[in-house]
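Trainee: just to be clear, the model below is a prediction. Sequence and coordinates:
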Amino acid sequence: MKDWFAHCKDLKEAQAEYRRLCFKYHPDHGGDTTMMQAINVAYTEFKLELTASRPAATSARSRWQRPQRQRPADTPPSRPAPEPEPMPIHSRDYFKSIWRREPWQPMPNGGVARVLWGHTVLLFQHPERKYRGAWFVVLDDVFSPYMYASRDEAEQSAFELVYQKVKYLDV
């Protein structure tokens, strides 16, 4: 029997040689059936020799192993508790009572203004005709990014903005 794959160093070369021999000796291409069977046997033996002589951990698939699956715990993993928010010095109702007590001062552009706890609050309507009825809030020269549909909504938002700034201050 001829040793067709003796010169091959690796599986890729052996595959190329096997294809070449198939085109030459396959019965569909005018070759002999017994010759093709001998080539198939020789190719199979070469592959077996190649895999037997190779150490087990050389292929990428044999090196990588799926990690052991962890069973889910009955309880979620413990996370450190978030630090509690400090308590405001005064209650929200206290600030709301002061907010209602202070009068709004009219402005020439149709808006209103007031100064509470050192913060200037302005409420005014949008100047363009197509946005008529929309209100803006300005707190300490910084515009709120929202437009409000009514003055009451704008006032509520202004109170929330001021309250967030002063709730920890001793006023």
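Mentor: Great, that's in hand. Numbering: from 1, shown residues only.
Trainee: please enumerate the strands of this structure.
Mentor: If DSSP state E is used as the criterion, the strands of the chain fall at 105-106, 112-116, 119-125, 135-139, 142-143.
Trainee: most tightly surrounded among those strands?
Mentor: strand 135-139 (a mean of 21; mean count of other CB atoms under 10 Å). For the C-beta atoms, the positions are set from N, CA and C on the backbone; glycine is no exception.
Trainee: ok, longest helix in this structure?
Mentor: helix 33-53 (DSSP state H).
Trainee: and that helix, what does it pack onto?
Mentor: Counting contacts by 3 or more CB pairs under 8 Å, 6 or more residues apart in numbering; DSSP states H and E, helix 33-53 packs against helix 11-25.
Trainee: out of the helices and strands in this protein, which is least certain?
Mentor: helix 60-63 (a mean of 61; mean pLDDT, DSSP states H and E).
Trainee: still on that earlier bit, would TSV of the strands of the chain with mean pLDDT and distance to residue 27 be doable?
Mentor: Formatted as TSV, the strands of the chain follow (pLDDT from 0 to 100; distance: least, CB to CB, whole Å):
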stretch	mean pLDDT	distance to residue 27
strand 105-106	88	105
strand 112-116	87	100
strand 119-125	85	93
strand 135-139	86	89
strand 142-143	82	86
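Trainee: reformat those as a markdown table; add distance to residue 151.
Mentor: Below are the strands of the chain laid out as a markdown table (distance: least, CB to CB, whole Å):
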| stretch | distance to residue 151 |
| --- | --- |
| strand 105-106 | 12 |
| strand 112-116 | 8 |
| strand 119-125 | 6 |
| strand 135-139 | 6 |
| strand 142-143 | 17 |
